[in-house]
Structure formats: structure tokens, C-alpha cells
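J.: Kindly generate the corresponding structure for this input.
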Amino acid sequence: MSTYRHYHDAARQQPERFWREQAEKLDWFRFPQTILAKDGNGIDRWFVDGELNLCHMALDHHIEAGRGGDTALIYDSPVTGQKARYSYLSLRNEVAKVAGMLAGLGVGKGDRVVIYMPMIPEAAMAMLACARLGAVHSVVFGGFAAHELAVRIEDAEPRVLLTASCGIEVNKVIPYKPLVDKAVMDSRWKPEQVVVLQRPQCEAVLAEERDLDWQALLARAEPHPCVPVPATDPLYILYTSGTTGKPKGVVRDTGGYAVALHFSMAAVFDLKPGEVMFTASDVGWVVGHSYIVYGPLIRGCTSILYEGKPVKTPDPGAFWRLCDEYGVSVLFSAPTAFRAIKKEDPAGEGVRRYPMARLRHIYMAGERLDPPTLEWVMTHTGRPVTDNWWQTETGWPIAANPIGLEPHAIKPGSATLPVPGFNVEVLDEAGQPVPANTQGFIALREPLPPGCLTTIWRNHDRYRAGYLSTFPGYYVSGDGGYLDEDGYLFVMGRVDDVINVAGHRLSTGEMEEVLAGHPAVAECAVVGVQDELKGQQPLGLVVLKDGVNTPPGQIVEELIALVRERIGPLACFKTALVVGRLPKTRSGKILRRIIRQMADGEPWALPSTIEDPASLEDIARVLQERG
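T.: Alright, predicted model coming up:
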């Protein structure tokens, strides 16, 4: 039996025994005797009588093991020109003081703290400090609109809000304090204190009573020890978009998350203590929580906190420079980042400047990895690329190439195999498993493994209705796809991105794959728009690579011919529009639903997660010109 198959079958057939063995690899205050049990809501809970502290596992444990001098965190900020290194000892000391600062403001176990900060070390310190106290943090992307911040404040009801005076983007400074002030004013819940870290690029004006200066408070704070918490206590709330327009507060527990992350760092990412992981993400996204802050530190690795972009800070060689300078073993980001690099540097000249001697693997997640991007990155870096698929709700990869257990052949378009612990099935509309290579609803058979969400904050009915009610005994992912004859999982996109053209259910992902294969296309999106005759018709939006001289009209004709050739006339692909940029969330997901609403002339709202609001104006202009 292969190593992967052994792990997969063990986790499926004897989940309690399997996860007990994984839990034994961590430093608990009280090791759990009950590995799996139902809670009062009938939800599976892991390690219910265990006691731990995640900050202890991430920092103090390594110091006690004699590794306090090893590098825990590297901060690299091309937008400010600053760089810094923190050993496990120095980071622990800083975190302990931040915890003391929060404790001095009355924050204790179970209290909520909203963190609204840029990608600076203090953001990670704030998260770890909350974990140290047993407080529940909720990180909101720095720079989010005041209304969206207000919604999250109102839902989480934080005792304290931590922020910085500003964030720094490419060639611009974004003052945070006016956004925070408006959010607090608009929210029915008022945090007792707002603590502001002053940055020299734009200092904030503090209100006399509510606002406090981070540096001044920290100078007076006493280090705080780790507070033991039950494994089932919430570690954080992380908001993700919901179909109702109201964000869903995904609740992550402490013990299950720690065990799942430690397992995934070895099994999926093949990282050993002391090695360097560069996750190009943001702590406002689940990937930042799991694989910038908690996962690498629990594993005893070095993590890079990067305040910059894949391009323009200063050029498309930024990622490669970081990998080379810091001896990165694993690079992890979203496909959209690599498409941006490919667009500005199609010949891969930036890659050749940096040997990246220690880089073994490149991982991508957050959206479907199209084969042309996969091929470009592998060709120019000479490294294997591992697609992995998961969700904010699961907290760690559902499917991936299990490099740390047993590398498998890459199949372009596939996230490879279900990770041990996730029992992935593809179901039809009646909830019955479908044959191999047949598309359906991707679902996870219960029990879900450790690390997955346990509820929606203050709305357990929404959790049940949204995830567990469609097919009893299964968690419904909301994504469609298929398992092939080798058990490889192909995720074709959200179920509502499947379009129905004259009775034929067609995947927009397949069409996007064809469009992305054109040599002039940097990135693309396909949505279904209303059509009186056929129900829906596909509409393609494409962004061209820099330096392309072919007339756009000719490229559009070639794209239509390509889809007709590869998928067939039944796709009815007749319309493609060239745009300057695609609207995306800060995590890199293309806002297809908004594009579809705009194309159909339906009302739409500016989503809270958008990276560049002006990109929607570009889409609106092109659609209007098209008529």
C-alpha cells in the first residue's frame, strides 16, 4: 500500500485513532482523552477535554526546546524599505508584552478583539497575543470600507480594536483612522478602546478618551504568560462573504486547528522545522491565518511577512527576490499573483535573475489554477507547482498533492487528491454519488476533520442551513467538479458558475481554460449572461499580456474559434471583450457574480472584499460600449 493510501484509509476508517496520533506530536497542557464527540448542537467536536494554548505551541514550546535563537518571522516591506528578523525568543517577548497591553485594557479569555492592520509584524503579534490570552481575534483587511468594518464590529462585539495609522499601497498611503472612526460611529456596538500604532508615513489624530497610543501603552505593559484554554474554545472569527450580503463569521476552534495545521505543514507542504515558508497573502484572508502566522510557527519554521505586491514593488521579480534572499523552501500564493507576474514579464526574465537555490515547491490556491499559468510557472522556475483547494470554512487544504507523504503526478486542472481526513465525494442533485468523470456537487462526508469551522458566529442556524442541510451527513462545499478514475479531484468552480445553455450544463472553468491557453491572454473570466432564446450565453472577458500588438478584434475572433474547436458549437461562445483588468477580491478571486449582474443589467453592490474598485468601472465602460 502506498504511503498516501495508508494515511488516507487510516483517517477515513479510524478517524479517532488517526487524529489522536497527530495530536500526540504537539505540546498540550492537558492531552485529550476524548478525541471526538458531538456537542449540544449535534456538531462533531475534536479533542473536547484537551487543554492548550496556541501561542505556547507556536512560540514558547520552541524556546523551551532550545530553539529560541532560530528565526521565526522575517518582515520585508518594499513599500517602506524596511526589513526585520525576529527570533522565536524575541517574537515571544514582543507578543507577551502585547498580550500584557491587552490584559491591561481588560481583555481576557473569550473577549473579542478586532484587528484592522496592514501587513506589519504588529499584526501577527496582535493575533498571537490574543491567542496567548485566550481572547478571540477577528482580523479585518486593513483599508476595508468603513461600512464593512462597522458590520464586523457590530457582529463580533469586540472589547478593543487594534489598528495602525495607515496602510501603504503602491505609490499611495491609505489613512486608516478616518475609516475606523466612521466604522465605530456607524456601528451600534462601540469598542471600549481603539489602540493605534503610529506609522511615520501618516500619523493619526487620537481622540482624547477612546483612542490610545500603541507605543506608549506597550512601553508600560508587563509580559503576560499563556492562558490555558479548552481545545474547543474559539481562536478566531474570520468573516467571509455570504449570499445574503451579510458576511458570515466563520468560527475556528483552537485544538483542532493546531493539530490540522501541524499535520498539513508536513503532509501537504513538506516543510521541516527551520525551513522557510513564504506565503504571499494577507492576514485578513484564511491563508494568512493558517500559513503566515499559525502553521509555520507551530511547525517551527520561518515565515515571511511581506508588505508588498507581486508586481510594481518594484517589479515582477519581487517574489523571486524574496525566495532567493531568504532561502525559501516553499512559496505559496494565489494563481492571480502569478498571472500578474506573467502579464508584466511574459518571457520570465525576472525569474532568471535569482537562482532560488533552496526553493523546492510552489503552491497555489484561492481560485482555480488554469493550466497555462501552471505551465508558465513550471517552465520558467523549473519547480513543481502544487494546486490545492480549500475554503475559509475548512481552514486548511481539502485536496492537494500530498508531497510530504508521497508525491503524485500532476494533472493540469486538478487539485490532485483529497488530503487525508477529508472524505470527498461528488454527488448528484439527489445526493447520490456519481460515477468517475461525472460532474456534480463536491461534498465532504462527516465527520469533518479537525480544523474546520464549528459554527457561524452567533448564527448556528445559518451554519446548518448553509452547509449541512442540503445532503444529510455531508458538508456542501458550494463548488462543482468531478473525481476522475484515479481519484484526482477537478474543481470547476462555484455551482452557480455552471451555466445552462439551451439545456446543456456547461462549466465556465472549462471555457476559461481554453481562453487562457491563447498566447496573448494574461488572464480571463467567463460568466453566463441571460439570453431569451437559450437561457444563458457565455461572455468572456480577457486581459492581454503586455507587449501584445495583435489587434483586439483579431484576438477575439481567434478566441471564439478556439472555444468552438475545443468545446464545440454547443458552448455558443460568441462574445469576448478585451478589458484592462478584472475585478478581484484581495485574496485574488475574480468577482464573477458581480460581472454577471452588470452584464445582465441587474442591481449590484460594490463588494467589501474588492481590491481595486476602479476595475468595475472599466468593466461597466466596456459593457456599455458593447451595448
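J.: switch to C-alpha atoms for all contacts and neighbour counts from now on
T.: Fine.
J.: Tell me where the stretch 1-150 of the chain is predicted with low confidence.
T.: In the predicted model, the stretch 1-150 of the chain carries pLDDT under 70 at residues 1.
J.: change it to 50
T.: Within the stretch 1-150 of the chain, no stretch has pLDDT under 50.
J.: Now do the helices in it.
T.: 3-13, 15-23, 54-55, 61-64, 88-104, 121-133, 146-156 (DSSP state H, counting those that start in this stretch).
J.: can I get these in a markdown table with mean neighbour count and distance to residue 462?
T.: Shown next, in a markdown table, are the helices of the stretch 1-150 of the chain (neighbours: other C-alpha atoms under 10 Å; distance: least, C-alpha to C-alpha, whole Å):
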| stretch | mean neighbour count | distance to residue 462 |
| --- | --- | --- |
| helix 3-13 | 16 | 27 |
| helix 15-23 | 18 | 27 |
| helix 54-55 | 30 | 28 |
| helix 61-64 | 18 | 37 |
| helix 88-104 | 23 | 32 |
| helix 121-133 | 26 | 26 |
| helix 146-156 | 21 | 14 |
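J.: Of these, which is nearest residue 279?
T.: Each of those has some distance to residue 279 by C-alpha to C-alpha; the shortest is helix 121-133, at 13.5 Å.
J.: between the closest one and helix 88-104, what angle do the directions make?
T.: 70 degrees (axes from the mean of the first three to the mean of the last three C-alpha atoms, to 10 degrees).
J.: From the chain's centroid, how far away is helix 121-133?
T.: Here helix 121-133 shows a centroid-to-chain-centroid distance of 19 Å under the convention C-alpha atoms, centre = their mean, to the nearest Å.
J.: and of the helices of the stretch 1-150 of the chain, who's closest to residue 540?
T.: So among the helices of the stretch 1-150 of the chain, helix 146-156 is nearest, using C-alpha to C-alpha, at 30.1 Å.
J.: Mind giving me the packing neighbours of the closest one?
T.: With contacts defined as 3 or more C-alpha pairs under 8 Å, 6 or more residues apart in numbering; DSSP states H and E, helix 146-156 has these neighbours: strand 112-116, helix 177-186.
J.: Please produce JSON lines containing these, extended by distance to residue 478.
T.: Below are the helices and strands packed on helix 146-156 laid out as JSON lines (distance: least, C-alpha to C-alpha, whole Å):
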{"stretch": "strand 112-116", "distance to residue 478": "28"}
{"stretch": "helix 177-186", "distance to residue 478": "31"}
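J.: quick one, strands of the stretch 401-550 of the chain?
T.: With DSSP state E, counting those that start in this stretch, the ranges of strands along the stretch 401-550 of the chain come out as 417-418, 424-427, 440-445, 455-456, 474-483, 489-494, 498-501, 504-507, 521-531, 535-544.
J.: Mean pLDDT lowest where, among these?
T.: Ranked by mean pLDDT, these bottom out at strand 504-507, which scores a mean of 70.
J.: Out of the helices of the stretch 1-150 of the chain, flag the one nearest residue 513.
T.: helix 3-13 (29.0 Å).
J.: now that closest one and strand 440-445, what's the angle there?
T.: 70 degrees.
J.: got the CA coordinates for helix 3-13 in PDB?
T.: Taking C-alpha atoms only, helix 3-13 is exported to PDB below (Å, rounded to 0.1, in the frame of the first residue of the first chain):
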ATOM      1  CA  THR A   3       2.100   5.900   1.900                       C
ATOM      2  CA  TYR A   4      -0.700   8.300   0.800                       C
ATOM      3  CA  ARG A   5      -3.200   5.500   0.600                       C
ATOM      4  CA  HIS A   6      -2.200   4.300   4.100                       C
ATOM      5  CA  TYR A   7      -2.800   7.700   5.600                       C
ATOM      6  CA  HIS A   8      -6.000   8.300   3.600                       C
ATOM      7  CA  ASP A   9      -7.500   5.000   4.600                       C
ATOM      8  CA  ALA A  10      -6.400   5.300   8.300                       C
ATOM      9  CA  ALA A  11      -8.100   8.700   8.600                       C
ATOM     10  CA  ARG A  12     -11.200   7.500   6.900                       C
ATOM     11  CA  GLN A  13     -11.600   4.200   8.700                       C
END
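J.: counting contacts, what elements does it pack onto?
T.: helix 15-23.
J.: And the helix it packs on, how far out from the chain middle?
T.: Distance of helix 15-23 from the chain centroid (C-alpha atoms, centre = their mean) equals 26 Å.
J.: Which residues outside that helix are in contact with it?
T.: 10, 11, 35, 36, 259, 263, 421 (C-alpha atoms under 8 Å, 6 or more residues apart in numbering).
J.: first to last residue in stretch 385-394, what's the distance?
T.: Distance across stretch 385-394, first residue to last, is 22 Å (C-alpha to C-alpha, to the nearest Å).
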